[in-house]
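Trainee: quick one, fold the following:
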Amino acid sequence: MSAAEEIVTEAPAVEAVPKRAMTLGYGTSLIVLAALIVIPLFVKNFIIFQMTMLLIYALAVMALNILTGGSGQFSLGQSAFYAVGAYTSAILMEHAGMNYALTLPIAGIVCFAFGFLFGQPALRLSGVYLALATFALATAMPQLLKLGYFEEWTGGVQGLVVTKPDAPFGLPLSQDMWLYYFTLVISIAIYVASVNLLRSRSGRAFMAIRDNEIAASAMGVDVALYKTLAFGVSAGITGVAGGLGAIAVQFVAPDGYTIQLAISLFLGMVVGGVGWLPGSIVGSAFIIFVPNIAESFSKGLSGAVFGVLLFLVIFLVPHGARQIAIIAQQTMAKFKKN
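Mentor: Here you go, the predicted model:
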């Protein structure tokens, strides 16, 4: 076999996802959207808060999915970008008196720049070494936020209290319900933009790099540019999620953005299906609700129960929720033929 053939036939690091498999069907999307709109009208504020966090973590998981499932770069540092976005929104709201909605695009831009710049030295790394570099970033971020140099702005160890916004224009909605629908609109907008990005020329460049970096370079893809761009886009979306999280929780503190958050987001991506954007909300639901379910079995052994549940999910559906969706589509296709 020639060298060129070896390059082309080299196994991809991340399994490719067809374009049509990136999204749900039109009918399924409408059903999910209708459920997300209607359910908060019939539940208590605490459930609405949990659903808001579901959407926020889904954004962060989707951002990681664009980086890993789209460009094939593994990251364990998403908690650092989430923290930067959260603190950006909190500082602008509490110190600058800026409207909460206006802080979100700024948080996204700041995190995009941060991610793009971090992606520059990370160009020399790949696979497990890139994962370790991002792991180091996530580990260092809480300590950096505690430094006395930034304490005037970040609040140091004590953190910052964030004011939860009221519904505008006198709308008869509680704070939790308004924030949920506000988050839902932003989540849908970012989801649609992300799908279009992966279907665009840039998205095809991401996937070419993911499948085979050498072959992508041979075809004229600027590997360095698109790898750093993927980092920037992923960090930007995560920053917006962090800003929304700060507003929803009404508090930011360094210990809220530890490596455990980064691992949880990575776990959510795997459970939802690597490269399948709709699975982000499934992965988000897993990391939010399954720990509570595990604790209901045994508070003392909640970690062990969670580990067993995770093992069962990975064993039964190794490709995550995406695998279930593919099986459902195949079943429906056979049913229609009959």
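
Trainee: rest of the way, CA atoms for contacts and neighbours
Mentor: Fine.

Trainee: immediately after the helix or strand where Val84 lies, which helix or strand?
Mentor: Assessed by DSSP states H and E, Val84 sits inside helix 78-94. Of the helices and strands lying after helix 78-94 in sequence (DSSP H and E), the nearest is helix 100-122.

Trainee: when you compare where that following helix runs with where helix 78-94 runs, what's the angle?
Mentor: For helix 100-122 against helix 78-94, the angle by axes from the mean of the first three to the mean of the last three Cα atoms, to 10 degrees is 150 degrees.

Trainee: alpha carbons of helix 100-122, as PDB, please.
Mentor: Written as PDB, here are the backbone C-alpha positions of helix 100-122 (Å, rounded to 0.1, in the frame of the first residue of the first chain):
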ATOM      1  CA  TYR A 100     -28.300  41.100  31.800                       C
ATOM      2  CA  ALA A 101     -29.200  40.400  28.200                       C
ATOM      3  CA  LEU A 102     -26.300  42.700  26.900                       C
ATOM      4  CA  THR A 103     -23.700  40.900  29.100                       C
ATOM      5  CA  LEU A 104     -24.300  37.600  27.200                       C
ATOM      6  CA  PRO A 105     -22.800  38.500  23.800                       C
ATOM      7  CA  ILE A 106     -19.900  40.200  25.600                       C
ATOM      8  CA  ALA A 107     -19.300  37.000  27.600                       C
ATOM      9  CA  GLY A 108     -19.400  35.000  24.300                       C
ATOM     10  CA  ILE A 109     -16.900  37.400  22.600                       C
ATOM     11  CA  VAL A 110     -14.500  37.300  25.600                       C
ATOM     12  CA  CYS A 111     -14.600  33.500  25.700                       C
ATOM     13  CA  PHE A 112     -14.200  33.200  22.000                       C
ATOM     14  CA  ALA A 113     -11.100  35.300  22.200                       C
ATOM     15  CA  PHE A 114      -9.900  33.300  25.200                       C
ATOM     16  CA  GLY A 115     -10.500  30.000  23.400                       C
ATOM     17  CA  PHE A 116      -9.000  31.200  20.100                       C
ATOM     18  CA  LEU A 117      -5.800  32.300  21.900                       C
ATOM     19  CA  PHE A 118      -5.600  29.100  23.900                       C
ATOM     20  CA  GLY A 119      -6.000  27.100  20.700                       C
ATOM     21  CA  GLN A 120      -2.800  28.600  19.300                       C
ATOM     22  CA  PRO A 121      -0.300  26.800  21.600                       C
ATOM     23  CA  ALA A 122      -2.600  23.800  21.700                       C
END
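
Trainee: now for that helix, which elements pack on it?
Mentor: Packing contacts for helix 100-122, counted by 3 or more Cα pairs under 8 Å, 6 or more residues apart in numbering; DSSP states H and E, involve helix 78-94, helix 223-249.

Trainee: from the chain's centroid, how far away is that helix?
Mentor: Remark: helix 100-122 is offset 14 Å from the chain centroid, using Cα atoms, centre = their mean, to the nearest Å.

Trainee: before we move on, back to that, redo the helices and strands packed on helix 100-122 as a markdown table? Include mean neighbour count.
Mentor: Output for the helices and strands packed on helix 100-122, formatted as a markdown table (neighbours: other Cα atoms under 10 Å):
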| stretch | mean neighbour count |
| --- | --- |
| helix 78-94 | 27 |
| helix 223-249 | 26 |
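
Trainee: do you know how far the closest residue to Ile288 other than its chain neighbours is from Ala205?
Mentor: Leaving aside its chain neighbours, Ile288 sits nearest to Leu54 (7.0 Å; criterion: Cα to Cα, 6 or more residues apart in numbering). Per Cα to Cα, to the nearest Å, Leu54 is found 30 Å from Ala205.

Trainee: between those two, who's got more neighbours?
Mentor: Using other Cα atoms under 10 Å as the criterion, Leu54 and Ala205 rank with Ala205 on top: 25 against 22.

Trainee: residues contacting that one?
Mentor: 216, 221, 226 (Cα atoms under 8 Å, 6 or more residues apart in numbering).

Trainee: which of the three states applies to the second one?
Mentor: Same thing as Val221. coil (DSSP: H, G, I helix; E, B strand; the rest coil).

Trainee: ok, it to Ile247 distance?
Mentor: Distance, Val221 to Ile247, by Cα to Cα: 39 Å.

Trainee: same question for the last one.
Mentor: For Tyr226, the distance to Ile247 (Cα to Cα) stands at 32 Å.
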